Every structure is written in structure tokens, then in C-alpha cells.
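Peer 1: Turn this into a structure:
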Amino acid sequence: MSRLSSVLASPAVWRADQLSEAAGDSTAVCSTGFMTLNDYFPGGGWPLGVMVEVLQAQASHHDWQLLLPALSVLCAAKPVLLVGAASRFVQPFIPGLAACGLSAQRLLWVDCQDPAAQLWVAEQGLRCPSIAAVLAWLPQDRRVTMPALRRLHLAAQTHGHALFVFRPSAVAQDASPAPLRVMLEPPSADSAAETAMRLHILKRRGPPLMQALDLPARPDGICRLLAASRARRELGRTGPLPIPLALKSSICLASENWQ
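Peer 2: Reported below is the predicted structural model:
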């Protein structure tokens, strides 16, 4: 085998027609909470230590629906910094966020409208070791320059924090340092009733994904809990709950050990 062939055969070499194990230089990821989405992201979740860009025609509550499952895990011990969440659709609604696992004690909200101030606050948050994640809603125009975005991306890389930047869909064709870019849209008219949002993966370290992904209103974990609750109610009407096979085996083994 030639030297070039041996290098290309190395698992450390990423091929453009394959989905990378990580979205960027960082290998750390956090599950999105949507198994369908994890399967299409390098590393199987939201990458940490890089910029993730979320594009929309205008800010909406879908921002929270998309990120809350991950934020409830990332911010279990450290706060999340919100920058520029001025739209009424994305302003933090404390009771709703708390019900989804993100307590008010984990929120730091800086409401500033000046683009330079927003970028400065976001960068300082990324440099702070006591911050778990930074969410920045940048102006709905092209006032944010490429050097400014690179600076934010570098700060996220240097300090390993999660960084989500929200920008208008009008910049979808513009260059960006973000290794992962997605675009959110409302569900189409022919989508299933339980579909809450449609997501396009515009950029990832892997082959292009042409089709859009329809995401449910609730993450997988909540859906499983609700399904289990419904099953429990149904079984409660007809008799006691059956013991799952894995739990039954554990009980039998514990009984044998006790004897």
C-alpha cells in the first residue's frame, strides 16, 4: 500500500461523501432531543465549541422548540446567556421554559438592540467559564460582518461553549464560518398534524441533504413519557400494569441472590 493510500485509509481522514463524526474541530456534542435530527448531524447532536447558525424569515417560538431539549441538559448546572431576544416571539416566557426543564435561575437575558453591543456581549459570554451556552438573535439584516461572525466562532472554539446564532433566511447564500447551518420554516400544508416545524440543513460536514426534515412539536423524550402515561391510564382501566421483561429479570435475579 502506498503512503497516500495508507493516509486515506486512516479513520482520521474525512471524505466529503461521508457524514463526519464531528461538526468541526470540537468532538463534543449534545443531543438535540430529536432522534430524527441527531441522525443527520455530524457526531449525532448539536456541536459544542463552534458556531451553529439558525436561519428564519423572522424570529419565532420555533427557536425555543428547537433548542429547549438540548438547553435543559446543557444548562442543568450553568446559565444560558440570551442576547438580543427582543421579538415578542422569542422573549423568555419563564413558566413555559421552567415546565420544559429550564429554570429562571439559569437565564441571563441582555436586551440590547445595537449590533456592535450584541456582538460584544455574546463574545464576553463565550469567554465566561460560568456560562454553558450563548444564544444570540442578531439583526434581521446584513449589518453583521463576516469578521464579526468569525470572531464569535473563534471565541466558541477557544472556550468550548455552545453558541447558537439566529439570523434572517435572507443570508442563506452568504458565506459563514459556522460549520453547521440550518433553516427553520413552518410546516407545509401537507405535513402531519403533529409536525411543528420544518428544518433544512444548509451546511454540515457531510454530503448535502436535499430533503427537509419535519420535526414534532414535542421532543422524543416527552413523546415517550406521554405515550407511557396514556398506556398506564388504559391499562389501569383493565388491570394492573404488566412488569417489563427487563425489570422482571432483575427482580428474579435479586430474589435468587437474596435466598
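
Peer 1: how about the strands in this protein?
Peer 2: 29-30, 46-47, 51-56, 80-83, 107-110, 133-137, 162-168, 180-185, 195-203, 213-216 (DSSP state E).

Peer 1: what packs against the fourth one?
Peer 2: Here strand 80-83 is seen to pack against strand 107-110, helix 115-127, strand 133-137 when contacts are counted using 3 or more CB pairs under 8 Å, 6 or more residues apart in numbering; DSSP states H and E. From N, CA and C alone the C-beta is placed, and that goes for glycine too.

Peer 1: With mean pLDDT, distance to residue 47 and mean neighbour count added, can I get those in JSON lines?
Peer 2: Converted to JSON lines, the helices and strands packed on strand 80-83 look like this (pLDDT from 0 to 100; distance: least, CB to CB, whole Å; neighbours: other CB atoms under 10 Å):
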{"stretch": "strand 107-110", "mean pLDDT": "90", "distance to residue 47": "22", "mean neighbour count": "16"}
{"stretch": "helix 115-127", "mean pLDDT": "94", "distance to residue 47": "14", "mean neighbour count": "19"}
{"stretch": "strand 133-137", "mean pLDDT": "95", "distance to residue 47": "12", "mean neighbour count": "25"}
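
Peer 1: Which one of these lies nearest to residue 53?
Peer 2: strand 133-137 (10.3 Å; CB to CB).

Peer 1: partners of that closest one in the sheet?
Peer 2: Partner strands and pairing direction for strand 133-137 (DSSP bridges) are strand 80-83 (parallel), strand 162-168 (parallel).

Peer 1: Would you tell me which one of the strands of the chain is buried the most?
Peer 2: strand 46-47 (a mean of 28; mean count of other CB atoms under 10 Å).

Peer 1: Next up, the contacts around the closest residue to residue 96 other than its chain neighbours.
Peer 2: Nearest residue to residue 96, sequence neighbours excluded (CB to CB, 6 or more residues apart in numbering): residue 64, at 8.0 Å. Listed by CB atoms under 8 Å, 6 or more residues apart in numbering, the contact set of residue 64 reads 90, 96, 97.

Peer 1: Present the helices and strands packed on strand 80-83 as JSON lines; the columns should include distance to residue 159.
Peer 2: Converted to JSON lines, the helices and strands packed on strand 80-83 look like this (distance: least, CB to CB, whole Å):
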{"stretch": "strand 107-110", "distance to residue 159": "16"}
{"stretch": "helix 115-127", "distance to residue 159": "5"}
{"stretch": "strand 133-137", "distance to residue 159": "10"}
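
Peer 1: Identify whichever of the ones you listed lies nearest to residue 40.
Peer 2: strand 133-137 (21.1 Å).

Peer 1: tell me the angle the closest one makes with strand 51-56.
Peer 2: 40 degrees (axes from the mean of the first three to the mean of the last three CA atoms, to 10 degrees).

Peer 1: Alpha carbons of strand 133-137, as CSV, please.
Peer 2: As requested, the backbone C-alpha atoms of strand 133-137 are provided in CSV (Å, rounded to 0.1, in the frame of the first residue of the first chain):
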residue,chain,number,x,y,z
ALA,A,133,-24.4,28.4,26.2
VAL,A,134,-24.9,31.6,24.4
LEU,A,135,-28.0,32.3,22.2
ALA,A,136,-27.7,35.5,20.1
TRP,A,137,-30.6,36.9,18.0
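
Peer 1: For residue 203, give the beta-bridge partners.
Peer 2: residue 181.

Peer 1: Hmm, it is touching residue 175, no?
Peer 2: No. The pair residue 203 / residue 175 is not scored as a contact, 10.2 Å apart, by CB atoms under 8 Å.

Peer 1: residue contacts, the nearest residue to residue 217 once chain neighbours are set aside?
Peer 2: Leaving aside its chain neighbours, residue 217 sits nearest to residue 196 (3.5 Å; criterion: CB to CB, 6+ apart). Listed by CB under 8 Å, 6+ apart, the contact set of residue 196 reads 62, 65, 187, 215, 216, 217, 218.
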